[in-house]
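S.K.: this one's structure only:
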């Protein structure tokens with residue numbers, strides 16, 4: 001039996017809208033994954049610390065504030081500093097299409113924009129992270 005994928009879903013920064021993050025967290029949970037939702041107004045430091053403490057396979061950031069480039073860069077830098085780049089980073093929210101290739105270059109595995117079906121996100125996690133969790 002394959003262990004469930006452990007996913008930290010987080011809302012970094014000052015963004016106070018978390019309905020989308022909660023919908024995604026519930027869809028991932030309903031698909032059999034272990035989901036830890038960190039709540040609103042988390043710093044990248046808090047998110048990385050939670051992911052390491054929870055032995056997470058994935059960090060999913062939901063960013064609606066427009067600060068996605070800064071927040072993702074800081075989170076990835078912190079994962080590098082903590083020797084935790086084996087944690088897959090995915091994201092979603094209000095992210096311009098032009099920024100997605102830049103985010104992927106910095107190490108974000110996938111970005112889901114508004115309207116992405118929860119089934120697509122669940123399938124992506126199962127297809128791209130399942131082998132990682134079993135290792």
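M.R.: Perfect, thanks for sending it. Just so we're clear, the structure is a prediction, and the values are computed from it rather than from any experiment.

S.K.: And the contacts of stretch 12-22?
M.R.: 9-11, 37, 39-44, 47, 60-65, 67, 71, 75, 92-93, 114 (CB atoms under 8 Å, 6 or more residues apart in numbering). (C-beta placed from N, C-alpha, C; glycine too.)

S.K.: Drop anything exposed from these.
M.R.: With neighbours counted using 16 or more other CB atoms under 10 Å, these contain these buried positions: 9-11, 37, 42, 44, 47, 60-65, 71, 75, 92-93.

S.K.: So which of the contacts of stretch 12-22 belong to helices?
M.R.: 44, 47, 71, 75 (DSSP state H).

S.K.: So the third one versus residue 83, what's the distance?
M.R.: When distances are taken as CB to CB, to the nearest Å, residue 71 and residue 83 turn out to be 21 Å apart.

S.K.: again, but for residue 73
M.R.: 18 Å.

S.K.: Which one's more surrounded, the two?
M.R.: Using other CB atoms under 10 Å, the more surrounded residue of residue 73 and residue 83 is residue 73, with 16 against 8.

S.K.: Check the gap between that one and residue 22 for me.
M.R.: On the measure of CB to CB, residue 73 and residue 22 end up 25 Å apart.

S.K.: One more: residue 116?
M.R.: The value you get for residue 116 to residue 22, if CB to CB is used, is 15 Å.

S.K.: How about residue 110?
M.R.: 19 Å.

S.K.: between the two, which one's more packed in?
M.R.: Using other CB under 10 Å, the more surrounded residue of residue 110 and residue 22 is residue 110, with 20 against 13.

S.K.: the strands in this structure, which residues?
M.R.: 6-10, 34-37, 58-63, 88-93, 110-112 (DSSP state E).

S.K.: Would you mind naming the residues that bridge with the most centrally placed residue in the chain?
M.R.: The centre of the chain sits closest to residue 60, judged by CA atoms, centre = their mean, with a distance of 1.1 Å. Under the criterion DSSP bridges, residue 60 forms beta bridges with residue 9, residue 90.
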